[in-house]
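Colleague: sequence and predicted structure, then a few things I'm wondering about:
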Amino acid sequence: MRYIAAMASTLQAMTDRQGHPDQVVVAGEILDLRIDNATLSLRAAKVLHLLVHAAGADACQNIRHSVPISDLNDAFHLSTGEFIETAHELARTAVELRYNNEHGRKVVKVGPMLADLERDLDTYGDDDPAMVSWEFSPVMRVLLSTSIHWAALSRKAILAFEGRYSLRLYELVSLRGGLKFKKQDRFDLDDFRRRLGVEPDKLVSWIHFRQRALDPAIAEVNQLSGLEVSYDVVKTGRKITGIILRWRELDPAGRAAVSRELESARVGRKARREGTVEQIADATPVVAEFPAHGTIRYTPWEAIAKASLPAPARDIDAVQRDFVTWARAGGKPLKGEHVTAMFAGFCRSQNPTS
């Protein structure tokens with residue numbers, strides 16, 4: 001993951017990474033687009049990323065782009081009906097961009113994501129492959145031509161996500177993931193919901209938002225992205241009004257585990273993410289540092305706890321806090337090759353809840 005705050009443009013990053021087939025450069029400004037009365041589906045979001053990636057540094061030009069369907073569809077197979085539906089969605093989704101125009105005036109520009117998108121319906125043979133062609137709208141061309149805010153995402157991870165909130169969270173964290181001295185950010189809850197693409201009238205209560213959007217998204221990002229994400233809630237009185245999002249990159253062993261998962265069959269991935277006692281008992285965590293803050297829910301540490309805690313198991317968050325207190329009191333490091341066995345042993349020593 002890499003983040004550039006200034007100097008290097010998004011288009012230059014696209015040019016520099018043309019030889020890296022698994023790296024998709026995404027403009028950070030795409031996250032700040034305001035979508036009018038609509039939420040982009042997961043399928044449409046994936047197609048948009050792939051179209052921008054295929055266009056490369058020419059994405060901001062007022063030209064027609066083309067790519068063989070096989071190049072676009074090697075891991076993301078769309079039927080003709082699905083393609084037409086996705087084309088309609090990208091063409092009718094109006095976005096709003098605020099920027100300084102060529103005259104130095106602050107303006108707002110509104111328009112669709114794509115001006116045109118078409119797909120061959122017939123196959124013409126190896127020497128004349130079926131093609132997808134498209135034109136980016138003026139608002140998208142302006143966004144890409146002025147962008148100096150980008151991240152290099154994994155194409156495999158983008159295509160592997162099964163939840164649209166997961167993809168949005170991955171984008172959000174990746175744009176911050178390379179900041180050397182920043183490993184957390186605080187968000188107003190309403191703003192964070194918007195950034196994840198949750199519609200204003202959906203998942204209104206915190207418990208529904210957490211159970212159906214936030215926690216599943218974190219679980220999938222932790223499994224597929226090479227990042228470990230956690231959060232704390234921010235309260236005003238008794239009301240949850242924000243979250244503190246934390247992240248860190250995985251160590252080489254963790255990234256290797258993610259790579260193996262991305263190469264594995266999609267069938268059974270959810271079961272592997274949630275785990276079973278038998279699979280978890282000998283599991284090695286994706287990172288060799290125990291989180292002293294945030295939560296271990298939806299991380300490999302939760303899997304170890306569930307496998308090791310006597311039944312009926314104590315609350316996971318309480319076990320995490322007690323383990324950190326116990327380790328610090330005894331001068332035991334929370335990082336290193338022994339922390340996994342140390343945490344598993346601590347869990348096994350816990351008294352079951354009454």
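Modeller: Perfect, I can see it now.
Colleague: SS state for residue 55?
Modeller: The assignment at residue 55 comes out as helix when based on DSSP: H, G, I helix; E, B strand; the rest coil.
Colleague: which phi and psi does the closest residue to it other than its chain neighbours have?
Modeller: The shortest distance from residue 55 to any residue other than its chain neighbours is 4.5 Å, reached at residue 65 (Cβ to Cβ, 6 or more residues apart in numbering). Using the backbone N, CA and C atoms, a C-beta is placed for each residue, glycine as well. Dihedral angles phi and psi of residue 65 (degrees, to the nearest 10) take the values phi -100, psi 150.
Colleague: ok, residue 65 to residue 133 distance?
Modeller: Taking Cβ to Cβ, to the nearest Å as the criterion, residue 65 is separated from residue 133 by 7 Å.
Colleague: quick one: which of those two has more around it?
Modeller: Counting neighbours by other Cβ atoms under 10 Å for residue 65 and for residue 133 shows that residue 65 has the greater number, 18 against 13.
Colleague: ok, what's across the strand from the more buried one?
Modeller: As for beta bridges, residue 65 partners with residue 134 under DSSP bridges.
Colleague: quick one: contacts for it?
Modeller: By Cβ atoms under 8 Å, 6 or more residues apart in numbering, the contact list for residue 65 reads 51, 54, 55, 58, 59, 133, 134, 135, 136.
Colleague: re earlier: tell me the pLDDT at the residue nearest to residue 55?
Modeller: Residue 65 carries a pLDDT value of 94.
Colleague: in the stretch 151-300 of the chain, which spans are helices?
Modeller: Per DSSP state H, counting those that start in this stretch, the stretch 151-300 of the chain carries helices over the ranges 155-160, 164-177, 189-196, 206-209, 215-224, 252-263, 269-274, 277-280, 300-308.
Colleague: least reliable of the ones you listed going by mean pLDDT?
Modeller: Minimum mean pLDDT among the helices of the stretch 151-300 of the chain: helix 277-280, a mean of 38.
Colleague: hmm, back to that, among the contacts of residue 65, which ones are buried?
Modeller: Neighbour counting with 16 or more other Cβ atoms under 10 Å marks 51, 54, 55, 59, 134, 135, 136 as buried within those.
Colleague: next, give me the two most distant ones among those residues.
Modeller: Using Cβ to Cβ, the two most remote members of the buried ones among the contacts of residue 65 are 54 and 135, lying 12.9 Å apart.
Colleague: which residues in the stretch 1-150 of the chain form helices?
Modeller: 10-16, 42-55, 69-72, 80-92, 138-146.
Colleague: right, and the ones you listed - which one's nearest residue 165?
Modeller: Closest approach to residue 165 among these (Cβ to Cβ): helix 42-55, 8.8 Å.
Colleague: angle of that closest one against helix 138-146?
Modeller: Per axes from the mean of the first three to the mean of the last three Cα atoms, to 10 degrees, the angle that helix 42-55 makes with helix 138-146 is 50 degrees.
Colleague: pLDDT on helix 42-55, on average?
Modeller: For helix 42-55, the mean per-residue pLDDT is 86.
Colleague: which outside residues touch that helix?
Modeller: The set of residues that contact helix 42-55 without belonging to it, under Cβ under 8 Å, 6+ apart, is 14, 24-27, 40, 59, 65, 67, 71-72, 76, 78, 82, 86, 89-90, 93, 113-114, 134, 136, 144, 153, 155, 158-159, 161-164, 167-168.
Colleague: got the angle between that helix and helix 164-177?
Modeller: Interaxial angle of helix 42-55 relative to helix 164-177 (the same axes, to 10 degrees): 40 degrees.
Colleague: for the chain, what helix or strand is lowest in average pLDDT?
Modeller: The least trusted helix or strand in the chain, going by mean pLDDT, DSSP states H and E, turns out to be helix 277-280, with a mean of 38.
Colleague: find the nearest non-adjacent residue to residue 165, please.
Modeller: Spatial nearest neighbour of residue 165, excluding adjacent residues (Cβ to Cβ, 6+ apart): residue 217 at 4.1 Å.
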